[in-house]
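# coords please:
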Amino acid sequence: METETGTEQSAGRLTISLLQKKQSQSSSVEWRTKQLLALAEIFREPLTAELLAMYVESLGDLSDEQIRRSVGRAIRELKWFPKPAELRELVGHNPRDEQDAEARAAWGVVVNFAEKYVQSDPQGCYVVDQGVRRVPPPVLSQRILDTVRRTGGWRAYKLMRASDLPHQQKRFIAEYGIWTAVEQVPESRLLTEMPRLQLVAKPIEPPSVTEPKQEQPKAPASKPKPMPEPLTDAQLRDRREMLRQQIAALSKATDAKGEQQ
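The predicted structure follows:
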């Protein structure tokens, strides 16, 4: 009987705790919504219910104090209504810095792993020691394994000298950052999208020789007739005299023909 009573009391306390936690989360979301609405009103920025919900969700990992500080800094320092990424940057949550911190942490894991668990096999290859040690090596993420492969393999990390460390670290961080874009594309998709190489060479056909076309002789262009020059006074007198004589001769011939008839 006492056990049942204790169980009921524990269940009651758990229910109360869950309700309090749910109420606390609900009040926090309501408070954040009011903060963002006030910020939008200051910047004269209309916010729809959907957009406001997206803002609250994207800032969900920030504490209430960080929300308060980011809204306060936005009011004092910005001229336009900020995006969620800008609100995060105002409290030191820069996505680029977070990615760099993750890559540097992965670099430390790789260096420590290479020192403890990587050894040379009889063929001279550097592989992970799987059976010699009693404690198996930790399981590395696929992102770390792919980055190691793309930056020289375990040999590059096992034989790395102090002078090589800055260059190798910079290379690792760069490759780690672009892992999603490089390694997440399926190989089958690459094969279908890349143009296939033609392995069989086509026979070379002899170049076709074309005979030069014989040009037909062009007909000489007709020259325009020259304009007659005006007659001089002497030529006009001679022309009138010639016409007068022709008229007189024609008149005599006509008269003679009439007399014969």
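# Ala40 - how many residues pack around it?
16 (other CB atoms under 10 Å). From N, CA and C alone the C-beta is placed, and that goes for glycine too.
# and if you look at Pro84?
By other CB under 10 Å, 16 other residues sit near Pro84.
# thought it was touching Leu59?
Yes - Pro84 is in contact with Leu59 according to CB atoms under 8 Å; the separation is 5.9 Å.
# Using the record's assignment, carve the protein into domains.
Domain assignment for the chain, taken from automatic domain parsing, gives 2-93, 96-184.
# Quick one: closest of those domains to Pro230.
Pro230 lies closest to domain 2-93 among these, at 88.9 Å (CB to CB).
# any idea of the mean pLDDT for the closest one?
The predicted model assigns domain 2-93 a mean pLDDT of 79.
# Turn the domains of the chain into JSON lines, including distance to Pro230.
Output for those, formatted as JSON lines (distance: least, CB to CB, whole Å):
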{"stretch": "domain 2-93", "distance to Pro230": "89"}
{"stretch": "domain 96-184", "distance to Pro230": "92"}
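# all strands for the chain, in order.
Under the criterion DSSP state E, the chain contains strands at 118-120, 126-128.
# Just list the residues touching Asp64, thanks.
Ser28, Trp31, Arg32 (CB atoms under 8 Å, 6 or more residues apart in numbering).
# What distance do you get for the residue nearest to the first one when sequence neighbours are not counted to Ala40?
With CB to CB, 6 or more residues apart in numbering as the measure, Asp64 is the residue that lies nearest to Ser28, at 6.1 Å, once sequence neighbours are left out. From Asp64 over to Ala40 the distance is 18 Å, taken as CB to CB, to the nearest Å.
# Next: Leu52.
Distance of Leu52 to Ala40, computed by CB to CB: 8 Å.
# What of Glu229?
Distance from Glu229 to Ala40, by CB to CB: 97 Å.
# cool, and Asp238?
Plainly put, Asp238 is 111 Å away from Ala40 if you go by CB to CB.
# Leu62 contacts Val91, correct?
Yes - when contacts are counted by CB under 8 Å, Leu62 is listed as touching Val91 (6.7 Å).
# I am finished for the moment; much appreciated.
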